[in-house]
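**Q** I'd like to go over a predicted model; first the sequence, then the structure.
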Amino acid sequence: MSAESDSAAPIFDPLWAEIEAVGRHADTGGYRRFAWSDADLTLREWFRGCAAARSMDVEEDRNGNLWAWWLPRNWVGDPKGAFVTGSHLDSVPDGGAFDGPLGIVSAFTAVDLLRARAVEPSIPIAVVAFSDEEGARFGVACIGSQLSTGVLAPERALGLRGGDGITLAEALIRAGRDPQSLGPDLTLAERVGVFVELHIEQGRALDLVDRPLAMASAIWPHGRWEFDFTGEANHAGATRLVDRRDPMLPFAATVHAARTEAAIHEAVATFGKVLVSPNGTNAIPSRVRAWLDARAADQPTLDALVEGIARAARAQAGAEGVELAVHAESITPVVDFPPEPRARLAAALAHLGDIPVIPTQAGHDAGILSELVPTAMLFVRNPTGVSHSPSEFAESADCHIGAAALADVMAAWVTG
């Protein structure tokens, strides 16, 4: 561990401890920090407290994204060309501790490290917490950044409905926000000079090469598709097999087809969310709604993968007398991170040696913002490769290295 990462530890560790219990489920050990829930609101207040302790002005933008600003001395007017870093605070159901919050805690740690070095920034610095990155509650990922960049229309976002029946509009009202404020941030490209997101690695490429840190080269294209199988409810005991229109059968076959097609295309495909109606033990289902998460190295491969799965689903549904509807909920194209920011990161981290450069199959706010502003990502080693699970893990020493590296990048960027 370097001397700089040693200096990160006494800043990082207490900040991490402050949020470690928020939204953690007693039975599973996983986190349930869903957008605009009590846990999310608690973390938002924690973010504001971190900013206040550092005399950083906090802004909650029209889409619920939080910005903590450190403006240069004698700066006049609105922020422009800022160095922005951060991530998100929400989680998937029973998610891990590091996905998202690692980037926020590291960002505030980096600010403290720069101040300890008496660094005077020549451009604004911001720590950002994007709203609802995971999409766990309303089914669409990166809602805050998609709204801000204009990718997601406000009218569609407001109508999104969670499993509890509450729409995003209703959740915003309950949280004391104005749902009519949602929309594109027309100043985003002017305010943000670069966005650097530090994140837990989702995979174990770094563990295999024994390195604590990496930079991202690209994000695979990915998306979510709803498969809606409609059959006929009936008695589980009294209905002959030949008389059944059971939507569970084509769904089960489609799950297997997704695995087969993913292997053929060297991609990944997962059915991780299922709703069954009427969901009775002794009743044949009338309807099965399932959501496919599919990702591939390029768009043509992703298109072929999803079409192969849908084709198998249609064939199986037809054989069982079941109706099928498939529609895309969200699709994110491939992101190739620009070489110039990555080169500047590498220069700032030259003292660490050659930093591995790896693609990621996971989506991030940095990928959404890349359409409008220069972006880059740093990954901290995940020795197990497990993510979106209570078993997600990073060594404290690696977290300290990551936070110190972010500080080095920040210092080089704002004083260069």
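**A** In hand now; what should we look at?
**Q** For Ala110, grab the count of nearby residues.
**A** Using other CB atoms under 10 Å, Ala110 has 29 neighbouring residues. (Glycine included, C-beta is placed from N, CA and C.)
**Q** oh, and call the first residue 691 from now on, that's how I've got it
**A** Taking 691 as the first residue, the last one we looked at is Ala800.
**Q** Now it. Nearest residue, chain neighbours left out?
**A** Ala1097 (3.9 Å; CB to CB, 6 or more residues apart in numbering).
**Q** roughly how far apart are the one you found and Thr929?
**A** Here Ala1097 is placed at a distance of 65 Å from Thr929 (CB to CB, to the nearest Å).
**Q** Repeat that for Arg949.
**A** 30 Å.
**Q** ok so, going back, was I right about the residue nearest to Ala800 contacting Phe702?
**A** No: if you go by CB atoms under 8 Å, Ala1097 and Phe702 don't touch, sitting 10.5 Å apart.
**Q** Residues in contact with both of those two, list them for me.
**A** Taking CB atoms under 8 Å, 6 or more residues apart in numbering as the contact rule, Ala1097 and Phe702 both touch Thr799.
**Q** now the residue nearest to Asp918 when sequence neighbours are not counted, what's its secondary structure?
**A** Computed as CB to CB, 6+ apart, the closest residue to Asp918 that is not its neighbour in sequence is Ala1015, at 4.4 Å. Of the three states, Ala1015 takes strand under DSSP: H, G, I helix; E, B strand; the rest coil.
**Q** My guess is Ala1015 contacts Pro937. True?
**A** No: contact criterion CB under 8 Å: Ala1015 and Pro937 do not qualify, at 11.5 Å.
**Q** Report pLDDT for Met691.
**A** As predicted, Met691 sits at a pLDDT of 44.
**Q** How about Gly829?
**A** At Gly829, the model reports a pLDDT of 88.
**Q** Quick check on it: phi, psi?
**A** Reported as degrees, to the nearest 10, the phi and psi values for Gly829 are phi 90, psi -10.
**Q** More neighbours: which of Ala1097 and Thr929?
**A** Ala1097 (28 against 16).
**Q** ok, now how distant is the more buried one from Ala698?
**A** Look at Ala1097 and Ala698: by CB to CB, they are 7 Å apart.
**Q** Give me the number of neighbouring residues for Val782.
**A** As a burial measure, Val782 scores 22 neighbours (other CB under 10 Å).
**Q** so who does it touch?
**A** Neighbour list for Val782: 789, 824, 826, 1078 [criterion: CB under 8 Å, 6+ apart].
**Q** what's the spacing between it and Leu848?
**A** On the measure of CB to CB, Val782 and Leu848 end up 22 Å apart.
**Q** Now do the host helix or strand of Ala1094: which elements does it pack against?
**A** Here Ala1094 sits within helix 1086-1105, counting by DSSP states H and E. With contacts defined as 3 or more CB pairs under 8 Å, 6 or more residues apart in numbering; DSSP states H and E, helix 1086-1105 has these neighbours: helix 693-709, strand 772-778, helix 791-806, strand 882-890, strand 903-909, helix 1029-1038, strand 1065-1070.
**Q** Make JSON lines from the ones you listed and add distance to Ile999 to it.
**A** Formatted as JSON lines, those follow (distance: least, CB to CB, whole Å):
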{"stretch": "helix 693-709", "distance to Ile999": "38"}
{"stretch": "strand 772-778", "distance to Ile999": "29"}
{"stretch": "helix 791-806", "distance to Ile999": "33"}
{"stretch": "strand 882-890", "distance to Ile999": "28"}
{"stretch": "strand 903-909", "distance to Ile999": "21"}
{"stretch": "helix 1029-1038", "distance to Ile999": "34"}
{"stretch": "strand 1065-1070", "distance to Ile999": "29"}
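**Q** ok, back up a step: between Ala1097 and Ala698, which contacts overlap?
**A** Common neighbours of Ala1097 and Ala698, counting by CB under 8 Å, 6+ apart, are 799, 803.
**Q** what sits against Trp755?
**A** No Trp there; residue 755 is Asn. Counting by CB under 8 Å, 6+ apart, Asn755 touches 818-821, 834-835, 838.
**Q** Which of the contacts of Val782 fall in strands?
**A** Judged by DSSP state E, strands contain none of these.
**Q** Arrange those residues in JSON lines, one row each, with distance to Ser727 and neighbour count as further columns.
**A** Converted to JSON lines, those look like this (distance: CB to CB, whole Å; neighbours: other CB atoms under 10 Å):
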{"residue": "Asp789", "distance to Ser727": "16", "neighbour count": "25"}
{"residue": "Glu824", "distance to Ser727": "12", "neighbour count": "22"}
{"residue": "Ala826", "distance to Ser727": "10", "neighbour count": "23"}
{"residue": "His1078", "distance to Ser727": "17", "neighbour count": "19"}
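**Q** Need the max-distance pair from the residues you listed.
**A** Using CB to CB, the contacts of Val782 span at most 11.1 Å, a distance reached by Asp789 and Ala826.
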